[in-house]
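Colleague: predicted model, plus sequence, below.
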Amino acid sequence: MNLVDHLPVLQVILPLLSAPFCILMRGHMLAWAVAVVASAAAFAVSLQTFGIVADGTTLTYAVGNWQAPYGIALEVDAFSAIMTLIISGASLVALLAGLGSARQQLPEEKQPLFFSAWLLALAGLLGISVAADAFNIFVFMEISSLASYVIIAAGPHRKALGAVFKYLAMGTIGATFYLIGVGLIYMMTGTLNLDDIALRIADVADKRPVLVAAGFITIGLALKAAVFPLHVWMPGAYNYAPHIVSTFLAACATKVSLYVLFRFDFLVFQANLSEHGYHFSHFLMPLALIAVVFGAIVATMAKDLKRLLAWSSVSQIGYIVVGACFTTEAGLASAIMHMFNHALAKGGGFLIAMGAALYYTTTRFSNLAGLGKEHPWLAAAFVVIGCSLIGVPGTAGFISKWMLINAALEQGATGVLIIAVIVFSSLLAVVYVWKVVELFYFAERPEGGSSGVMEVRKPEMVLFTAMVALVVAANIWFGIMPGEPMALAMQAAALLTGGAQ
């Protein structure tokens, strides 16, 4: 076996083995450096696998050389390659940009433990993306969830504890539902490998336990993915988490759960249960359309930049679910493409919030007035990110929304109504983005307000500025040249719908 054959396991092993080294580091800078190196290595592996699977190749790794379905298999195809790229890229950018923020928000003596938990969360999310069996998806899900609870609660905000408790309760319920569904599947098929499950379900005479399993798995993963109305944990968790954590998790955490939901539902259930596609779309489509509008409305009323971005995520997740609910190749391609583009836009949005807090200690709107006059480059970056969230041509967000509208047109009269909802939500996005732009450029600084309230070191700001510039450039680049991620999204959609035929 050459190195390429080991790429799926390297994706998980590199951050997982690096986590203990962070604890052994005496200084916070050393722990941060270990986390950065591990994330960079995982990102390099993701880029390598991205290039390999672009031509339709699937990389498979049998742990311990025990072949599936008897052994544990890791697998990277077009869909999982997109996910690993999003996760590892989000981790690397957040760590590089968040050095100063972490120094200011986290006690120095606790930072080695914090970055160790960070790498465990990274390993868990990457493991979910490459695991080829249902139980190991659950194992990695628990690793990432437990580590995420730790890093969210690590910040100075006391309300983070309440937000984490809600996240813990909801996340535990979601994981339990998923595990019950997997148990029912195992009872009926005698296997946990996803490909093997898809084959054996066809021979199951009594499909009722399988239908019940589909319900448990769908609801459990929808809860983990913050699909409306199971989203209640997300705004608080993103708002009160340390800024570096919000940037990382907002870009990838919920999308990983959506990844598992789509993979399980299309390749396993819709491929074997004749009416499940109808049930899937007719159950989730109304909820997704409500989320698209409701999340945007609440975002317009937010009084904190991070809370605005969190509620915007509720709306954006709705777009992704709408695309999947078409159960067509075009719809799924738009959903997967929006997962990629939303990661760029929302990660960038929380980077801007991090920068605002570096200068003004808070992300409350009452303290951010006039930011565009004192830090015009930061406000200009938000304008680009905001345009991507709206779907302005020339930004990445436009590409996936345009793909979603084209997929909706295939649905006839129903599709026209869905397009009307999408357009209305986009207009609401204009409202909440303009609300921030107006605050930055046209509002006056409050009495006594000043920039540089917190000490900002030059190397930290250089790193932060470089990451903001990179994310802004990516939002523009993939709005003008979307070829590679679009091709992989279409390939992933063909894989999922091929399983449903």
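Modeller: Sure, I can see it.
Colleague: pLDDT (mean, whole number) over the helix or strand hosting residue 307?
Modeller: Element membership for residue 307, per DSSP states H and E: helix 305-325. Per-residue pLDDT over helix 305-325 has a mean of 90.
Colleague: equivalent analysis for stretch 458-468, please.
Modeller: Mean per-residue pLDDT for stretch 458-468: 84.
Colleague: kindly export the helix holding residue 307 (C-alpha atoms) in CSV.
Modeller: What follows is helix 305-325 as a C-alpha-only set of coordinates in CSV (Å, rounded to 0.1, in the frame of the first residue of the first chain):
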residue,chain,number,x,y,z
LEU,A,305,-23.6,40.5,15.5
LYS,A,306,-23.0,36.9,16.5
ARG,A,307,-26.6,36.3,17.3
LEU,A,308,-27.6,37.8,13.9
LEU,A,309,-25.2,35.4,12.2
ALA,A,310,-26.5,32.5,14.3
TRP,A,311,-30.1,33.1,13.3
SER,A,312,-29.0,33.6,9.7
SER,A,313,-27.6,30.1,9.9
VAL,A,314,-31.0,28.7,10.8
SER,A,315,-32.3,30.3,7.5
GLN,A,316,-29.3,29.1,5.5
ILE,A,317,-29.7,25.5,6.8
GLY,A,318,-33.3,25.8,5.5
TYR,A,319,-31.9,26.4,2.0
ILE,A,320,-29.8,23.3,2.1
VAL,A,321,-32.7,21.1,3.3
VAL,A,322,-35.0,22.6,0.6
GLY,A,323,-32.6,21.5,-2.1
ALA,A,324,-32.4,18.0,-0.6
CYS,A,325,-36.2,17.7,-0.4
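Colleague: so which elements touch it?
Modeller: With contacts defined as 3 or more Cβ pairs under 8 Å, 6 or more residues apart in numbering; DSSP states H and E, helix 305-325 has these neighbours: helix 234-240, helix 243-264, helix 276-300, helix 329-360, helix 396-409, helix 413-442. Every residue, glycine included, has its C-beta placed from N, CA and C.
Colleague: mind doing that once more with 6 Å?
Modeller: Packing contacts for helix 305-325, counted by 3 or more Cβ pairs under 6 Å, 6 or more residues apart in numbering; DSSP states H and E, involve helix 234-240, helix 276-300, helix 329-360.
Colleague: quick one: list the elements packing against the first one.
Modeller: Put plainly, it is helix 234-240. Partner elements for helix 234-240 (3+ Cβ pairs under 6 Å, 6+ apart): helix 159-189, helix 305-325.
Colleague: check whether the closest residue to residue 178 other than its chain neighbours sits in a helix, strand or coil.
Modeller: Of all residues not flanking residue 178 in the chain, residue 220 sits nearest, at 3.6 Å (Cβ to Cβ, 6 or more residues apart in numbering). Of the three states, residue 220 takes helix according to DSSP: H, G, I helix; E, B strand; the rest coil.
Colleague: correct me, but residue 31 touches residue 23?
Modeller: No. The criterion here is Cβ atoms under 6 Å, and residue 31 misses it with residue 23 at 7.9 Å.
Colleague: between these two, which one's more packed in?
Modeller: Ranked by neighbour count (other Cβ atoms under 10 Å), residue 31 and residue 23 place residue 31 first, with 26 against 13.
Colleague: what sits against the residue most central in space within the chain?
Modeller: In the chain, the residue lying closest to the centroid (Cα atoms, centre = their mean) is residue 252, at 2.1 Å. For residue 252, the contact set (Cβ atoms under 6 Å, 6 or more residues apart in numbering) comprises 86-87, 90.
Colleague: who wins for neighbours among these?
Modeller: Taking other Cβ under 10 Å as the neighbour criterion, residue 87 ranks highest of the contacts of residue 252 with 33 neighbours.
Colleague: correct me, but that residue touches residue 125?
Modeller: Yes. Applying Cβ under 6 Å, one finds residue 87 in contact with residue 125, separated by 4.8 Å.
Colleague: and the strands in the stretch 1-150 of the chain?
Modeller: Assignment of strands within the stretch 1-150 of the chain using DSSP state E, counting those that start in this stretch yields the ranges 59-62, 73-76.
Colleague: shared neighbours of residue 31 and residue 23, which are they?
Modeller: Common neighbours of residue 31 and residue 23 (Cβ under 6 Å, 6+ apart) are residue 112.
Colleague: redo the strands of the stretch 1-150 of the chain as JSON lines? Include mean neighbour count.
Modeller: Listed next are the strands of the stretch 1-150 of the chain as JSON lines, based on neighbours: other Cβ atoms under 10 Å:
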{"stretch": "strand 59-62", "mean neighbour count": "19"}
{"stretch": "strand 73-76", "mean neighbour count": "24"}
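Colleague: what's the least confident stretch among the ones you listed?
Modeller: strand 59-62 (a mean of 80).
Colleague: now residue 190: how far from residue 413?
Modeller: Residue 190 sits at a distance of 45 Å from residue 413 (criterion: Cβ to Cβ, to the nearest Å).
Colleague: same deal with residue 33?
Modeller: With Cβ to Cβ as the criterion, residue 33 and residue 413 are 57 Å apart.
Colleague: ok, back up a step: who has more neighbours, residue 190 and residue 413?
Modeller: residue 190 (11 against 7).
Colleague: how about the more buried one, nearest residue that isn't a chain neighbour?
Modeller: Per Cβ to Cβ, 6+ apart, closest to residue 190 is residue 200, 7.2 Å.
Colleague: chain center to the helix or strand where that neighbour lies, what's the gap?
Modeller: Assessed by DSSP H and E, residue 200 sits inside helix 194-200. Computed by Cα atoms, centre = their mean, to the nearest Å, the chain-centroid distance of helix 194-200 equals 27 Å.
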